[in-house]
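Trainee: Sequence plus the predicted model coming up.
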Amino acid sequence: MRGARVVLAVAALLSAGSLTACGGGDDGGGATLNLWVFNEPSGSFKAAVDSCSKASNGRYTIKYNTLSNDADQQRQALVRRLAAKDDSIDLAGLDVVWTAEFAEAGWIKPWPAAAAAQVKRGTLPGPLATATYKGQLWAAPANTNTQLLWYRKDKVKNPAKTWDGLITQASKMKTRIVTMGAQYEGTTVWFNSLNAAAGGTIVENEKVTLGQPGAVAARIMKRLATSPAGDPGISAQKEDQVRLAFESGTADFEVNYPFIYPSAKESAPDVFKNIAWAPYPCVKPGGPNKAPIGGINWGVGGYTKHPAEAFAAAACMRNAANQKKAAIDGGLPPTLNALYDDPSLTKVYPFGKLIRDQVATGAVRPVTPAYADVSLAIYKSTSPASTIQLDGFVPDLRAKLNDALESKGLF
């Protein structure tokens, strides 16, 4: 079919290193495609929408509809509409942990074989795993993400490499380590990475596998929250609050995503000139490093009336040119391996290869259709981190996770 051929041709060009936007045929009848995704503040998503609409030569026009910037609220809005079989959701920006749930429920369409093969070509394995469920590709990785340790090089010469070491170091310096600890997905991300670095898993094959590493993770979280290095507002902090704390100078250490780099350049130039970065902290001396894997994947709505056009548009929006712009303008790391060797990108994205390395070995969150409830159980048990009850923590969370799996993740 012509739609598949368009996607195939476009992706072939991109894999050869071309920055050409995707083309399109005229068989779609000028479809209007509704894209639903958060309001990306740098404008890179809007730029991709505009460039792909123009490059389709009238085949489709993408309408950019914004969702909340809160991931939990984004999911709730999409779930309500897709559960009602809303055919006006042609494309959606999906958090990497939604793939199994949305696929199992039929809320997104699987990618046709030819188009899927082209998406896979040149895409980093970590992001690709987040878009795959039961061996089938269900979304196109648009950007990936991971957290780094950011610090003030004018105040810190050699940051410690472990969480415990950092807490001790920051406490002695009478400064703070800021990271996300509110009751939301970001705290699940933190716990999952600590648990993985300690050698554990949480859920596998729809069975709870949480063990003693979970107690290690909980101890570190509580230690930071109750130490002099912990921010008093950690239980209310999400990514942006953490960014602001670092930019304001109240903390010399920050564990957060790369969007903070272009933000500081624009909003806090005095801080920006002293920003340095290091790998995500380890749990044990010598590693392993199990940094978070995040990002957004483009999914095609399960009830769209324009599937061929939607697949072509999704392929275009995650092409090399659009991923490069998102990385430079929005601090959103690419999913295409070749971009990390692009000199024009590395010049303004000097920590890119560290991101690529971390994504390759990072901590993928549990793959389950019940993920939303699994995450809820985790962050309700670990935030506020200062109140975590370490005695009996693992059995208590295991019981909550078992309850979460029984819900099937559909509320």
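Mentor: In hand now; what should we look at?
Trainee: For the most centrally placed residue in the chain, grab phi and psi.
Mentor: The residue lying closest to the centre of the chain (CA atoms, centre = their mean) is residue 294, at 2.0 Å. Per-residue torsions, residue 294: phi -130, psi -160 (degrees, to the nearest 10).
Trainee: can you check residue 363 too?
Mentor: phi -100, psi 100.
Trainee: burial of it, as a residue count?
Mentor: Number of residues near residue 363 (other CB atoms under 10 Å) recorded here: 24. C-beta coordinates here come from the backbone N, C-alpha and C atoms, glycine included.
Trainee: ditto for residue 110
Mentor: Neighbours of residue 110 (other CB under 10 Å): 16.
Trainee: cool, and the one 5 residues further on?
Mentor: Taking other CB under 10 Å as the criterion, the count of residues near residue 115 is 25.
Trainee: That one should be in a helix, yeah?
Mentor: Yes: when DSSP: H, G, I helix; E, B strand; the rest coil is applied, residue 115 is found to be in a helix.
Trainee: quick one: it from residue 338, how far?
Mentor: If you measure residue 115 against residue 338 using CB to CB, to the nearest Å, the figure is 19 Å.
Trainee: nearest residue to residue 405 other than its sequence neighbours?
Mentor: Spatial nearest neighbour of residue 405, chain neighbours left out: residue 370 (5.1 Å); criterion: CB to CB, 6 or more residues apart in numbering.
Trainee: what are the phi and psi values for the one you found?
Mentor: Dihedral pair for residue 370: phi -90, psi 20, per degrees, to the nearest 10.
Trainee: rewinding a little: distance of the residue nearest to the centre of the chain from residue 196?
Mentor: For residue 294, the distance to residue 196 - CB to CB - is 14 Å.
Trainee: do residue 186 as well
Mentor: To residue 196, residue 186 is 16 Å away according to CB to CB.
Trainee: Residue 70 too?
Mentor: Relative to residue 196, and taking CB to CB, residue 70 is found at 25 Å.
Trainee: now do residue 235
Mentor: Applying CB to CB, the value for residue 235 to residue 196 is 23 Å.
Trainee: Could you check how far the helix or strand harbouring residue 399 is from the centre of its chain?
Mentor: Assigned by DSSP states H and E, residue 399 falls within helix 393-406. Relative to its chain's centre, helix 393-406 lies at 25 Å (CA atoms, centre = their mean, to the nearest Å).
Trainee: Show me which parts of that helix are buried, residue by residue.
Mentor: By 16 or more other CB atoms under 10 Å, the buried positions in helix 393-406 come out as 393-394, 397-398, 400-401, 404-405.
Trainee: Flag the shaky bits of the stretch 1-150 of the chain, pLDDT-wise.
Mentor: Within the stretch 1-150 of the chain, the stretches with pLDDT under 70 are 1-29.
Trainee: can you give me the strands for it?
Mentor: Secondary structure of the stretch 1-150 of the chain by DSSP state E, counting those that start in this stretch: the strands cover 31-38, 60-67, 91-95, 132-133, 136-137, 140-145, 148-152.
Trainee: Quick check: phi and psi at residue 391.
Mentor: Per degrees, to the nearest 10, the backbone of residue 391 is at phi -70, psi 120.
Trainee: Quick check: the gap between it and residue 235.
Mentor: On the measure of CB to CB, residue 391 and residue 235 end up 21 Å apart.
Trainee: Among these two, which residue is more densely surrounded?
Mentor: residue 235 (17 against 7).
Trainee: Verify the stated contact: that one with residue 379.
Mentor: No: look at residue 235 against residue 379 with CB atoms under 8 Å: they stay out of range, at 10.8 Å.
Trainee: shared neighbours, the two?
Mentor: Listed as contacting both residue 235 and residue 379 by CB atoms under 8 Å, 6 or more residues apart in numbering are residue 183.
Trainee: can you pull the contacts of residue 361?
Mentor: By CB under 8 Å, 6+ apart, the neighbours of residue 361 are 288-291.
Trainee: Swap in 10 Å and give it another go.
Mentor: Counting by CB atoms under 10 Å, 6 or more residues apart in numbering, residue 361 touches 126, 196, 287-291, 293.
Trainee: All the helices of the stretch 1-150 of the chain, in order from the start?
Mentor: 2-15, 44-55, 71-83, 99-105, 113-120, 125-130 (DSSP state H, counting those that start in this stretch).
Trainee: Let's have these in TSV, adding distance to residue 207.
Mentor: Formatted as TSV, the helices of the stretch 1-150 of the chain follow (distance: least, CB to CB, whole Å):
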stretch	distance to residue 207
helix 2-15	37
helix 44-55	37
helix 71-83	24
helix 99-105	14
helix 113-120	28
helix 125-130	19
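Trainee: can you tell which of these is closest to residue 200?
Mentor: helix 125-130 (18.4 Å; CB to CB).
Trainee: List the buried residues of that closest one.
Mentor: 126-130.
Trainee: Just send these back as CSV, with distance to residue 208 too.
Mentor: Converted to CSV, those look like this (distance: CB to CB, whole Å):
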residue, distance to residue 208
126, 24
127, 26
128, 26
129, 21
130, 21
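Trainee: thinking residue 192 is in contact with residue 375, fair?
Mentor: Yes: between residue 192 and residue 375 there is a contact at 8.9 Å, judged by CB atoms under 10 Å.
Trainee: Now do the shared contacts for the two.
Mentor: Taking CB under 10 Å, 6+ apart as the contact rule, residue 192 and residue 375 both touch 97, 202, 365-366.
Trainee: which pair in those spans the largest distance?
Mentor: 97 and 202 (11.9 Å).
Trainee: Would you mind measuring from the nearest residue in space to residue 381 that is not next to it in sequence to residue 97?
Mentor: Leaving aside its sequence neighbours, residue 381 sits nearest to residue 397 (CB to CB, 6+ apart; 5.0 Å). Distance from residue 397 to residue 97, counting by CB to CB: 18 Å.
Trainee: Residue 346 now?
Mentor: For residue 346, the distance to residue 97 equals 29 Å [CB to CB].
Trainee: and what of residue 307?
Mentor: Taking CB to CB, one finds residue 307 at 24 Å from residue 97.
Trainee: higher neighbour count, those two?
Mentor: Between residue 307 and residue 97, counted using other CB under 10 Å, residue 97 has the larger neighbour count: 25 against 16.
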